[in-house]
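Novice: Here is the input, now give the coordinates:
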Amino acid sequence: MDYNTGRANHIEDYLVNVRTGQWFGWSDSKNKIYANLIVHDGGSKPTEQQCTDGLKALQTAWDTANGG
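Specialist: Coordinates of the predicted model:
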């Protein structure tokens, strides 16, 4: 999230809305890309497309609410 504006800017912003708790992490915390996404809770991993689309939906909602 862009902490200056509050607008989502990373797939992590989408992932925190998928399930509650600490269900995901990164195999490389310095390189938070889809390829490094790991699931901790035994649940399914969202597809890369779901992450991309989810982030875009958050951005669109923010833009609409903030005149963007």
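
Novice: Show me what the longest helix along the chain is packed up against.
Specialist: Across the chain, the longest stretch assigned as helix under DSSP state H is helix 48-65. With contacts defined as 3 or more CB pairs under 8 Å, 6 or more residues apart in numbering; DSSP states H and E, the packing partners of helix 48-65 are helix 11-15. All C-beta spots, glycine's among them, are computed from the backbone N, C-alpha and C.

Novice: buried stuff in the helix it packs on?
Specialist: For helix 11-15, the neighbour count (16 or more other CB atoms under 10 Å) marks 11, 13-15 as buried.

Novice: Also stretch 19-32?
Specialist: By neighbour count on 16+ other CB under 10 Å, the buried set for stretch 19-32 is Phe24.

Novice: Dump the C-alpha coordinates for that stretch into PDB.
Specialist: This file holds the C-alpha atoms of stretch 19-32, laid out as PDB (Å, rounded to 0.1, in the frame of the first residue of the first chain):
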ATOM      1  CA  ARG A  19      -8.200 -15.000   4.100                       C
ATOM      2  CA  THR A  20      -7.700 -14.000   7.700                       C
ATOM      3  CA  GLY A  21      -4.600 -14.700   9.700                       C
ATOM      4  CA  GLN A  22      -1.000 -15.200   8.700                       C
ATOM      5  CA  TRP A  23      -1.900 -17.600   5.800                       C
ATOM      6  CA  PHE A  24       0.800 -16.500   3.300                       C
ATOM      7  CA  GLY A  25       4.400 -15.500   3.300                       C
ATOM      8  CA  TRP A  26       7.300 -15.100   0.900                       C
ATOM      9  CA  SER A  27      10.200 -17.500   0.200                       C
ATOM     10  CA  ASP A  28      12.300 -14.400  -0.300                       C
ATOM     11  CA  SER A  29      11.000 -11.500   1.800                       C
ATOM     12  CA  LYS A  30      13.200  -9.000  -0.100                       C
ATOM     13  CA  ASN A  31      11.600 -10.000  -3.400                       C
ATOM     14  CA  LYS A  32       7.900 -10.200  -2.900                       C
END
